[in-house]
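J.: Next one to model:
(one chain, ligands or ions: 2)
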Amino acid sequence: MRSLVILLLFLVGLAGDRAQAAVIIGSPSFSYFDDFTGFDGDADPANWVTTDVSNTSGWRGTGTGSSTTGGKYSFGDTGSGATFDGSLGFLPSETRSINADIRFQNATGNLITQFTVSYDAEHWRSTLDGRNNGWAVSYSIDGGTFAALNDLAYVAANTNSTGINPDDGPWETVSLSQTVTGLSIGNGSEIVIRFFGDNGSGSDARQGVAIDNFSFHSTAVPEPGSALILLSLVCTPAMRWLRTSKWISPNPVRHSPCCSAVPTR
Ligand SMILES: [Ca+2]
Ligand SMILES: [Ca+2]
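T.: Ligands and ions are numbered 1, 2, ... in the order given. The predicted structure follows:
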């Protein structure tokens, strides 16, 4: 009984660590898109898990970048329409830094050989002469070792006036994309995409940044072994039919009209 209780507690602990299930990749050409529309900024958005790398960073709700309180936000322009244009935002302070992860699981039955990640990096709160913080992006296919996606890195400028953009909306939006090829990710394996929101360097205040319009696209092909089996399944009956048909004679030299000039053996 005691062992069962310990096992249950262990399983509950695992569930807590992975509160969000992986997004299932169910087709050889798979696309996922998240624009965080309506996201209230009160807890991790669907399919994402944020964790504290240094200091504690709570969710602060929605915002335009006007608040100086550090934490995680759904940054968006609240006055632009009936539906709030949310995002996954972060304003570091007091050494705060976070990871924001999204996981994808290969359920295609095939090998994933490449994927593309794209997103808009948004700069919502500016600090003139403040720190250069932003997003560093990486991926992992074993859940432990991460490789940098350098084309997706973003550093917010520290040359704009402090506060929000007087014209509403972010100070800037930068669309970034990177494709990774040459992969061999088997069925059942996962791909983790990680955004690291850093604290910047220096002693000044930080920039408020966000992830928006995130997209993921993967391409899968049949595994070599299954391709051979498929080829065998198709070719064996086909060859059997050809052998019993007029197209392939059991003795092509003797019977082929093309070989009528050749002496029979
Ligand atoms: Ca949005
Ligand atoms: Ca936006």
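
J.: Could you use CA atoms for every contact and neighbour count after this?
T.: Fine.

J.: bridging residues for the nearest residue to G58 once chain neighbours are set aside?
T.: Spatial nearest neighbour of G58, excluding adjacent residues (Cα to Cα, 6 or more residues apart in numbering): G71 at 5.4 Å. For G71, the beta-bridge partners are L91 (DSSP bridges).

J.: so what pLDDT did G71 get?
T.: pLDDT for G71: 98.

J.: and it, what does it touch?
T.: 57-60, 90-93, 96 (Cα atoms under 8 Å, 6 or more residues apart in numbering).

J.: nearest to A210, of these?
T.: Set against A210, the nearest of the contacts of G71 by Cα to Cα is F90 (6.1 Å).

J.: Run a quick check on that closest one versus G197, I expect a contact.
T.: Yes - here F90 reaches G197: they are 7.0 Å apart, a contact under Cα atoms under 8 Å.

J.: tell me which element the residue nearest to T181 when sequence neighbours are not counted is part of?
T.: Leaving aside its sequence neighbours, T181 sits nearest to Q114 (Cα to Cα, 6+ apart; 4.4 Å). Q114 belongs to strand 111-125 when assigned by DSSP states H and E.

J.: which parts of that strand are buried?
T.: For strand 111-125, the neighbour count (16 or more other Cα atoms under 10 Å) marks 111-115, 117-125 as buried.

J.: Enumerate the residues of this protein near ligand 1.
T.: 35-36, 85-87 (Cα under 5 Å from the ion).

J.: mind saving the C-alpha coords of the helix or strand hosting I102 as CSV?
T.: Taking DSSP H and E as the criterion, the element that holds I102 is strand 97-106. Provided in CSV are the C-alpha atoms of strand 97-106 (Å, rounded to 0.1, in the frame of the first residue of the first chain):
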residue,chain,number,x,y,z
SER,A,97,14.8,35.2,-16.5
ILE,A,98,12.5,32.5,-17.8
ASN,A,99,12.2,29.6,-20.2
ALA,A,100,9.0,29.3,-22.3
ASP,A,101,8.7,25.8,-23.9
ILE,A,102,6.4,24.2,-26.3
ARG,A,103,6.6,20.5,-27.2
PHE,A,104,5.7,18.6,-30.3
GLN,A,105,5.4,14.8,-30.5
ASN,A,106,5.9,12.9,-33.7
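
J.: Could you pull up the contacting residues of L149?
T.: Applying Cα under 8 Å, 6+ apart, the residues contacting L149 are 136-139, 178.

J.: measure it to S140 for me?
T.: 10 Å (Cα to Cα, to the nearest Å).

J.: Okay, and which of the contacts of L149 map to strands?
T.: Using DSSP state E, 136-139, 178 are the members of the contacts of L149 that sit in strands.

J.: Can you flag the buried ones in those residues?
T.: Judged by 16+ other Cα under 10 Å, buried ones among the ones in strands among the contacts of L149: 136-139.

J.: From the residues you listed, pick the one nearest Q20.
T.: Nearest member of these to Q20, counting by Cα to Cα, is Y139, at 17.3 Å.

J.: could you pull out the helices for the protein?
T.: Taking DSSP state H, the helices of the chain run over residues 2-17, 224-243, 252-255.

J.: residues near whatever residue of the stretch 151-265 of the chain ends up closest to ligand 1, how many?
T.: Taking Cα to the ion as the measure, the point where the stretch 151-265 of the chain comes nearest ligand 1 is D212, at 5.2 Å. Counted with other Cα atoms under 10 Å, the neighbours of D212 add up to 26.

J.: For it, which residues are in contact?
T.: Contacts for D212 (Cα under 8 Å, 6+ apart) come out as 34-36, 86-88, 119-122.

J.: next one: T108
T.: 25-28, 187, 220.

J.: rerun at 6 Å
T.: Neighbour list for T108: 26-27 [criterion: Cα atoms under 6 Å, 6 or more residues apart in numbering].
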